[in-house]
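> please work out how this folds:
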Amino acid sequence: MATKRLAACTAAAFAVLSCATNSYTGVSGFPADSSLALVLVAQGLSFPLYLTSPPGDTARLFVVEKGGTIRVIQHGQLLPTPFLDISGKVTKGGEQGLLGMAFYPDYATSGRFVVDYTSPMGAQGGGTSIIAGYQVSSDSNLADPTESVILTVDQPYSNHNGGEVTFGPDGMLYIGFGDGGSGGDPQGHGQRRDDLLGSILRIDVSGASGYTIPPDNPYVGMAGIAPELWDYGLRNPWRFSFDRANGDLYIGDVGQNVHEEIDVSVAGAQAGVNYGWNIMEGMSCYNANSCNQTGLTLPVVDYTHSDGCAVTGGYVYRGSAAPAANGVYFYSDYCGGWVRSFLYQAGQPTEQTDWPLLSTGGSVPSFGEDANGELYILTASGRVYRVVPR
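Below you'll find the predicted structure:
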């Protein structure tokens, strides 16, 4: 990543808070829209990277902090005691840390949830990504600290760890890993299918421990291919999400030197999609004048580093507070700080819009979604905002 312009401002380069932020004044095709605004929900958090709620829980928001804690916002108040504190296990430098969490669909009865964090362990020098299970204690605002490791992946470098874990509409756990790091994918993980890097995985964690391979994963039984793979050809999928209305999958994939991209996979489409890295960067050939694009799925949206440096994937809005935004996908850029959106129709991004009143004036490491489908924006400076009608 050393060769990347504004490298310290990648979507996961969380250690650097003084990144040069590009001022965005609008581009052709992105008409200004002021029908939505932000309200401050909480502040004083330590580098919040993710926000979610258990299914059906409309009273609480759970916020992942990079340093290794999960905080609870209950009825608008940030509780002083963390829900979970694993800061002693987590590497915190650069793009590492506690990167994501997901509640089991049956959390109300099972009390189980999953986290994704980076550990100093590992044989390759870049630490280890750990997917681990935890359970709530008898106090609903405190987790039992007992850890059950589900999956580990050694990282060759310390960047491009991915970090998204989420349960899909099918109840399976989806996990995003970057290409292993450095710059330009020197080990070719984006196009390799014999390991778990540069990919989105799909596993079944419904058992008491560990995981199994869903029998309908695209590469089950194929020699030399990791059966956990769902899609591949990704550089660093920094936030992906499912449209809760139809199951479509939206992926924000961080680019190298020039292009950032949003990919969309329609529910029910063939799995095993190759998104092209490192043959492609966005819609352009990477490091070449031409390239063979046969079998590759190109993004639906890309933009260049004149507008930012690292995409932050978001959500399709399915809340009730702003019905005019129903079905609209929102995303941002860590350096640009702006918020844009599009409506995905008939395989194309339509109604591409810039939202000046949703700009926080700072770096946006993540969006969030609560149990009602309302949308939140997190800032590296420690604030949580909710998107509301103006």
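> contact partners of stretch 154-161?
Stretch 154-161 has contacts (CB atoms under 8 Å, 6 or more residues apart in numbering) with 1, 10, 12-13, 91, 93-96, 99, 118, 122-129, 177-182, 187, 197, 235-236, 254. The way it works is simple: take the backbone N, C-alpha and C, and place the C-beta from them, glycine included.
> tell me what residue 201 is bridged to.
Judged by DSSP bridges, the bridge partners of residue 201 are residue 175, residue 229.
> any idea how far residue 195 is from it?
From residue 201 across to residue 195, the span is 11 Å (CB to CB, to the nearest Å).
> likewise for residue 54?
Using CB to CB, one obtains 32 Å as the distance from residue 54 to residue 195.
> neighbour-wise, which of the two wins?
The residue with more neighbours, out of residue 54 and residue 195, is residue 54; 22 against 18, by other CB atoms under 10 Å.
> that one touches residue 106, doesn't it?
No: using CB atoms under 8 Å, residue 54 is not in contact with residue 106, being 9.9 Å away.
> what sits against the nearest residue to residue 173 once chain neighbours are set aside?
Of all residues not flanking residue 173 in the chain, residue 205 sits nearest, at 4.9 Å (CB to CB, 6 or more residues apart in numbering). Contact analysis of residue 205 by CB under 8 Å, 6+ apart lists 104, 114, 133, 150, 173, 211.
> per-residue pLDDT, the last one?
Looking at residue 211, its pLDDT is 98.
> how deep is it tucked in, by neighbour count?
Neighbours of residue 211 under the rule other CB under 10 Å: 19.
> kindly report the same for the fourth one.
Here the count is done by other CB under 10 Å, and residue 150 has 20 residues near it.
> sheet-wise, list the partners of the strand or helix carrying it with their directions.
For residue 150, the element it lies in under DSSP states H and E is strand 143-154. If you go by DSSP bridges, strand 143-154 pairs up with strand 128-136 (antiparallel).
> how far away from the center of its chain is the strand it pairs with?
When distances are taken as CA atoms, centre = their mean, to the nearest Å, strand 128-136 is centred 17 Å away from the chain's centroid.
> please apply the same query to stretch 105-123.
Distance, centroid of stretch 105-123 to centroid of chain: 15 Å (CA atoms, centre = their mean).
> cool, and stretch 36-51?
Between the centre of stretch 36-51 and the centre of its chain there are 16 Å (CA atoms, centre = their mean).
> next one: stretch 285-298
Distance of stretch 285-298 from the chain centroid (CA atoms, centre = their mean) equals 25 Å.
> ditto for stretch 35-44
Worked out by CA atoms, centre = their mean, stretch 35-44 lies 20 Å from the chain centre.
> ok, stretch 255-264 next?
14 Å.
> can you get me the start-to-end distance on stretch 50-66?
Length of stretch 50-66, first residue to last, CA to CA, to the nearest Å: 9 Å.
> how about that stretch: buried residues?
50-54, 57, 60-66 (16 or more other CB atoms under 10 Å).
> hang on, the earlier thing: which parts of the strand holding residue 150 count as buried, going by neighbours?
For strand 143-154, a neighbour-count test (16+ other CB under 10 Å) marks 143, 150-151, 153-154 as buried.
> can I get that strand in CSV, CA atoms only?
Presented in CSV, the C-alpha positions along strand 143-154 are these (Å, rounded to 0.1, in the frame of the first residue of the first chain):
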residue,chain,number,x,y,z
ALA,A,143,-21.1,-10.6,27.4
ASP,A,144,-19.5,-13.7,28.8
PRO,A,145,-15.8,-13.3,28.1
THR,A,146,-15.4,-17.0,27.2
GLU,A,147,-14.3,-17.3,23.6
SER,A,148,-14.9,-20.1,21.1
VAL,A,149,-12.7,-19.8,18.1
ILE,A,150,-14.5,-20.6,14.8
LEU,A,151,-11.9,-19.9,12.2
THR,A,152,-8.4,-18.4,11.9
VAL,A,153,-6.6,-17.1,8.8
ASP,A,154,-2.9,-16.1,8.9
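> now that strand, how far from the centre of its chain.
The answer for strand 143-154 is 19 Å, by CA atoms, centre = their mean.
> so which elements touch whichever helix or strand comes after that strand?
As assigned by DSSP H and E, the chain's next helix or strand after strand 143-154 is strand 165-167. Under the contact criterion of 3 or more CB pairs under 8 Å, 6 or more residues apart in numbering; DSSP states H and E, strand 165-167 touches strand 98-103, strand 112-119, strand 173-177, strand 237-242.
> so which of those strands comes closest to residue 35?
Smallest distance to residue 35 across these (CB to CB): 22.3 Å, for strand 237-242.
> downstream of that closest one, the next helix or strand is which one?
Next along the chain after strand 237-242, taking DSSP H and E as the criterion, comes strand 249-253.
> hmm, who's touching stretch 63-80?
14, 41-42, 44-51, 59-62, 82-90, 92, 97-101, 115, 117, 141, 143, 368, 378, 384.
> and these, which of them are buried?
14, 41-42, 45, 47-51, 60-62, 82-87, 89-90, 92, 97-101, 115, 117, 143, 368, 378, 384.
> hang on, the earlier thing: what's the closest of the contacts of residue 205 to residue 351?
The shortest gap between residue 351 and any of these belongs to residue 173, at 32.3 Å (CB to CB).
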